[in-house]
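>>> Okay, predicted coordinates and the sequence, questions at the end:
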Amino acid sequence: MINFTVGPVQMEEEIRCIGAEEIPYFRTPEFSALMKENEALMAEFMKAGAGARTLFLTGSGTAAMEAAVMNLFTKKDRLLVVNGGSFGARFAKICRIHGIPHEEIRLESGKALRGEHLAPYAGAGFTGFLVNVHETSTGVYYDMELISRFCRENGLWLVVDAISSFLADDFRMEEWGVDLVLTGSQKALALPPGIGVLVLNERAVKRVQETEVESLYFDLKEYLKDGLRGQTPFTPAVSILIQMNRRLTSIVERGAAAKPGAASERKPAAERKSAAELGLAAEQRRIRELAEDFRSRIAGLPFEIVSEAMSAAETPLHPTGCDGAGNPVSAHRIFEILKDEYGIFICPNGGELADTVFRVGHIGNLTKEDNARLIEAFWDLQRRGLL
Ligand SMILES: *Cc1c(COP(=O)(O)O)cnc(C)c1O
């Protein structure tokens, strides 16, 4: 089996082995220390700056999306939601369910967000902005510089879902003025599904502490309090948090191994890169190189890239060919044949795009040899008249 979906993705063997072990009791100083390290590394990898806090919620990524909206906004707010696909639509649905006034900026599938989409909403009384930096359903990566500028100019709280982008693309929370960024365990973190991570800046922490939340499990005040001692209010997905610790610290270790010697250590402290920075950059480069390798290899195949601006995490493709009977090739059919006959998972689309678009992920434990095997399978489909 080779898994090119965008989550759950292939895990390193070391991570899988941790999942096979017994689960230790977690109200201990040892587990607290591990959690504190997870907290610090997540904030560092998000480039969160001083005063940020990281919270771990047991639930899938959507739980973190819902918790973010519930804990930062109320019926008195007015939010702008970028809706370019099913994950943007999910943010809008969360607002609807919680009675939070909002408007959607609807984008055509595959289209980038531009200044002209935002301009009509400037100075129009909005208080917050919700966006999935990588709209995974269509493979569009939004321009964070543009969003950041707009939110600063209009005094908006900025909440970003970076679930499929974190570790694949650079994220500069502090520089972009992001108040809360969230991610999930099963995308580029390459862990089992089950943990949502939220990183909050100082003013978001304060806002959470002042916001009434009608929920026991999703009230982040308790998570903030218990997090100070490396704990969570309820039993967390302990194994995944241990796996996360290994994953994050191994990124740092790889950075330390790549660190140049004494010469660069003589540089002023501000110019010296930490092992964490180097390791993060190396992980992002690894994913980007896999994506570039795949994108260069599809030349000649009957596919069209259907996104104006891509993340390194995935490539969204539209098959342009016809089958023997002259009907357009179905993207979903390609997914099924690869799964059933080749043992390869690509990522199918749902809804309106089911027959026209599939996606190939570049996150998780994949190699260029895996890319080559997928490309070979595509050529085989073509030989068989199926592509
Ligand atoms: C995968 C994903 C989610 C949803 O995550 P679940 O873990 O399935 O709840 C949300 N937003 C984006 C952008 C995603 O890629």
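Done, it's in.
>>> for this structure, which helix is longest?
Ranked by residue count under DSSP state H, the longest helix found in the chain is helix 275-297.
>>> So which bits of that one are buried?
By neighbour count on 16 or more other Cβ atoms under 10 Å, the buried set for helix 275-297 is 275-280, 283-284, 286-288, 290-291, 294-295, 297. Heads up, the C-betas are built off the backbone N, CA and C, glycines and all.
>>> From those, pick the one nearest the ligand.
Ranked by distance to the ligand (Cβ to the nearest ligand atom), the buried residues of helix 275-297 are led by residue 287 at 14.6 Å.
>>> thought the closest one was touching residue 187?
No. Using Cβ atoms under 8 Å, residue 287 is not in contact with residue 187, being 10.8 Å away.
>>> where do the strands sit along the stretch 251-387 of the chain?
Under the criterion DSSP state E, counting those that start in this stretch, the stretch 251-387 of the chain contains strands at 303-305, 314-319, 344-345, 347-348, 358-361.
>>> right, and the ones you listed - which one's nearest residue 138?
Smallest distance to residue 138 across these (Cβ to Cβ): 6.2 Å, for strand 314-319.
>>> And the contacts of the closest one?
Residues from elsewhere that reach strand 314-319 (Cβ atoms under 8 Å, 6 or more residues apart in numbering): 6, 110, 136, 138-139, 164, 291, 294-295, 298, 302-307, 310, 328-331, 334, 347, 356-363, 387.
>>> please redo it, this time with the cut-off set to 7 Å
Strand 314-319 is contacted from outside by 6, 136, 138-139, 291, 294-295, 302-307, 329, 331, 334, 356-362, 387, using Cβ atoms under 7 Å, 6 or more residues apart in numbering.
>>> so what strands line up beside that strand?
Taking DSSP bridges as the criterion, strand 314-319 pairs within the sheet with strand 303-305 (antiparallel), strand 358-361 (antiparallel).
>>> highest average neighbour count across those?
Highest mean neighbour count among those (mean count of other Cβ atoms under 10 Å): strand 358-361, with a mean of 26.
>>> Return the mean pLDDT over that strand, rounded to an integer.
Computed over strand 358-361, the mean pLDDT rounds to 98.
>>> same question, stretch 334-348
According to the model, stretch 334-348 has a mean pLDDT of 98.
>>> Name the residues that touch that stretch?
Contacts with stretch 334-348, where a contact means Cβ under 7 Å, 6+ apart, come from 1-6, 319, 331-332, 354, 358-361, 374, 377, 381, 386.
>>> returning to what we had before: what's the closest of the strands paired with strand 314-319 to residue 145?
strand 303-305 (22.5 Å).
>>> Contacts for the closest one, please.
By Cβ under 7 Å, 6+ apart, the surrounding residues in contact with strand 303-305 are 315-320.
>>> Closest to residue 220 out of those?
residue 316 (33.2 Å).
>>> How about the residues of the stretch 51-200 of the chain by the ligand?
By the rule Cβ under 6 Å from any ligand atom, the part of the stretch 51-200 of the chain lying against the ligand is 60-62, 87, 132, 134, 136, 161, 163-164, 184, 193.
>>> Redo those residues as JSON lines? Include secondary structure.
Shown next, in JSON lines, are those (DSSP: H, G, I helix; E, B strand; the rest coil):
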{"residue": "60", "secondary structure": "coil"}
{"residue": "61", "secondary structure": "helix"}
{"residue": "62", "secondary structure": "helix"}
{"residue": "87", "secondary structure": "helix"}
{"residue": "132", "secondary structure": "strand"}
{"residue": "134", "secondary structure": "strand"}
{"residue": "136", "secondary structure": "coil"}
{"residue": "161", "secondary structure": "strand"}
{"residue": "163", "secondary structure": "coil"}
{"residue": "164", "secondary structure": "coil"}
{"residue": "184", "secondary structure": "strand"}
{"residue": "193", "secondary structure": "coil"}
